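*Asks:* output the structure for:
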Amino acid sequence: MKIVGMILCGGFGKRLKPITEKIPKPLVEIKEDYTILDKQLFDFKNAGINEVYLLTGFLHEKIEERYGDEYNGIKIHYIIEDKPLGTLNAIRLGMEALDEEKEVVIRNGDIVADLNLKRMIEEGKKSDCPVTMFVTQMRSPYGIVELVGDKIESFKEKPLLNKYINGGIYFTKGLLDFGEFETGDIEKTLFPLLAKNNNLGYYKEDDLFWMAIDTNKELETVKKEYKNKTDKPWGYEKILVYTDKYLTKELYLKEGFQTSLHYHDKKDETMYILSGSGYIEFEDKKEYFGKNDSIRIKPGVIHSIVASENTVLHEVSTPFLDDTIRKKDFYQRN
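*Replies:* The predicted structure is shown next:
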């Protein structure tokens, strides 16, 4: 069954004013000339989704102006809700526009996350439930204190809690049956009913960046995250330290993905594995790695980093920032 994407793009973004007085929330930039919607379409493309329905309303013409009918190899459709009647109505209109039964990934239009969407789809297909919801760990909005006896033992600044919240991304195995529901928010109508009937599954990934941009404070948090960060088809690359003596990058590779097959003309680098596992694929061998391992790669050595599970590593090298010669790309580049 063919899979398509849907993105809820019709909100007013009232708490992001004055930014959202002239542009809809999905067009808010998280980095120069890189919008929330750019990021979401990038994620869809790299999960193998090449057809997306944008569920629009407020200032929909601005979205159409930027993306047109095709964007970076993705076919774009627009479903315009004349009057906002909640997320359920917008999704229902999107489902009605499909010309045949399809699997669908639905995203809230204000979510920025390093989610392995491809793996979520694979797990959703295996699930006994018709709908799978991405859930993410809740972060305390406040710092907390640890108590022992009649004393305070320590402080923790806004820690992750042992509770999960709706991450705003959903996978459906086919068209949704909305029953008697026509309007309102799907999170308060259909989803509780599905859960009550044991028809709502979940997918979770811990220790990843996730943010719903609803306020200027949250927008600033995402912009700070993206200050030296670049999304890649396989994850992301973030510059941590760059001096005239050395360069340190953080690389995040999603399970089942790999970097291009490449080499460095001058750069001498060492990979320090912080979490996850996989291997470095050389021309004549594979060198496997796990947490706390380190692997040195000398200049001129052709290699690709392959992730067997979600992997975070630090790449410490000589300071040649753009010294990468690609021999083979495994993903279509924009």
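
*Asks:* ranges for the helices of this protein?
*Replies:* For the chain, the helices defined by DSSP state H occupy 36-46, 60-67, 87-96, 117-126, 190-196, 216-225.

*Asks:* mind listing what's buried in the second one?
*Replies:* Of the residues in helix 60-67, those buried by neighbour count under the rule 16 or more other Cβ atoms under 10 Å are 60, 63, 67. C-beta here means a position set from N, CA and C on the backbone, and glycine is covered the same way.

*Asks:* how about the first one, nearest residue that isn't a chain neighbour?
*Replies:* By that I understand His60. Residue nearest to His60 in three dimensions, not counting chain neighbours: Ile80, with 5.3 Å by Cβ to Cβ, 6 or more residues apart in numbering.

*Asks:* for the last one, same thing?
*Replies:* Counting by Cβ to Cβ, 6+ apart, the nearest residue to Tyr67 once its immediate chain neighbours are dropped is Ile76, at 5.2 Å.

*Asks:* got it, and Lys31?
*Replies:* Nearest one to Lys31, counting by Cβ to Cβ, 6+ apart, is Tyr226 at 4.4 Å.

*Asks:* these two touch, right, that neighbour and Ile30?
*Replies:* Yes. Counting by Cβ atoms under 8 Å, Tyr226 does reach Ile30; the two are 5.1 Å apart.

*Asks:* that older thread, what pLDDT does the residue nearest to His60 get?
*Replies:* Predicted confidence (pLDDT) at Ile80: the value is 94.

*Asks:* how near is it to Lys285?
*Replies:* Look at Ile80 and Lys285: by Cβ to Cβ, to the nearest Å, they are 55 Å apart.

*Asks:* more neighbours, the two?
*Replies:* Using other Cβ atoms under 10 Å, the more surrounded residue of Ile80 and Lys285 is Ile80, with 16 against 8.

*Asks:* rewinding a little: any idea how many residues pack against the residue nearest to Lys31?
*Replies:* The tally of other residues near Tyr226 (other Cβ under 10 Å) stands at 20.

*Asks:* wait, Ile121 touches Val105, no?
*Replies:* Yes. Contact between Ile121 and Val105 holds when scored by Cβ under 8 Å: they sit 6.6 Å apart.

*Asks:* mean confidence for the longest strand along the chain?
*Replies:* In the chain, with assignment by DSSP state E, the single longest strand is strand 160-172. Mean pLDDT, strand 160-172: 91.

*Asks:* mind listing what's buried along it?
*Replies:* Going by neighbour count (16+ other Cβ under 10 Å), the buried part of strand 160-172 is 167-172.

*Asks:* tabulate those (CSV), appending distance to Gly86.
*Replies:* Formatted as CSV, these follow (distance: Cβ to Cβ, whole Å):
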residue, distance to Gly86
Gly167, 19
Gly168, 15
Ile169, 18
Tyr170, 15
Phe171, 21
Thr172, 18
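
*Asks:* so which of these comes closest to Thr248?
*Replies:* Gly167 (29.9 Å; Cβ to Cβ).

*Asks:* who's in contact with Glu187?
*Replies:* Residues in contact with Glu187 (Cβ atoms under 8 Å, 6 or more residues apart in numbering) are 87, 166.

*Asks:* before we move on, what about Val131?
*Replies:* Neighbour list for Val131: 170-173, 176, 191, 194, 199-201 [criterion: Cβ under 8 Å, 6+ apart].

*Asks:* return the member of the buried residues of strand 160-172 nearest to Tyr53.
*Replies:* Closest to Tyr53 out of those is Thr172 (12.8 Å), distances taken as Cβ to Cβ.

*Asks:* who does the closest one form a beta bridge with?
*Replies:* Val104, Val131 (DSSP bridges).

*Asks:* distance from stretch 15-30 to the middle of the chain?
*Replies:* On the basis of Cα atoms, centre = their mean, to the nearest Å, stretch 15-30 sits 20 Å off its chain's mean C-alpha point.

*Asks:* do the same with stretch 115-135
*Replies:* Taking the mean of its C-alpha atoms, stretch 115-135 sits 14 Å from the chain's own mean (Cα atoms, centre = their mean).

*Asks:* end to end, how far does it reach?
*Replies:* 11 Å (Cα to Cα, to the nearest Å).

*Asks:* equivalent analysis for stretch 1-12, please.
*Replies:* Stretch 1-12 has an end-to-end distance of 34 Å (criterion: Cα to Cα).

*Asks:* show me which positions of that stretch end up buried.
*Replies:* Buried residues in stretch 1-12, counted by 16+ other Cβ under 10 Å: 3-11.

*Asks:* how about those in TSV, adding distance to Asp322 and pLDDT?
*Replies:* Converted to TSV, the buried residues of stretch 1-12 look like this (distance: Cβ to Cβ, whole Å; pLDDT from 0 to 100):
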residue	distance to Asp322	pLDDT
Ile3	36	95
Val4	37	97
Gly5	32	97
Met6	37	97
Ile7	33	98
Leu8	37	96
Cys9	35	95
Gly10	40	89
Gly11	39	84
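
*Asks:* what's the most distant pair in those residues?
*Replies:* The widest separation within the buried residues of stretch 1-12 (Cβ to Cβ) is 24.6 Å, between Ile3 and Gly11.
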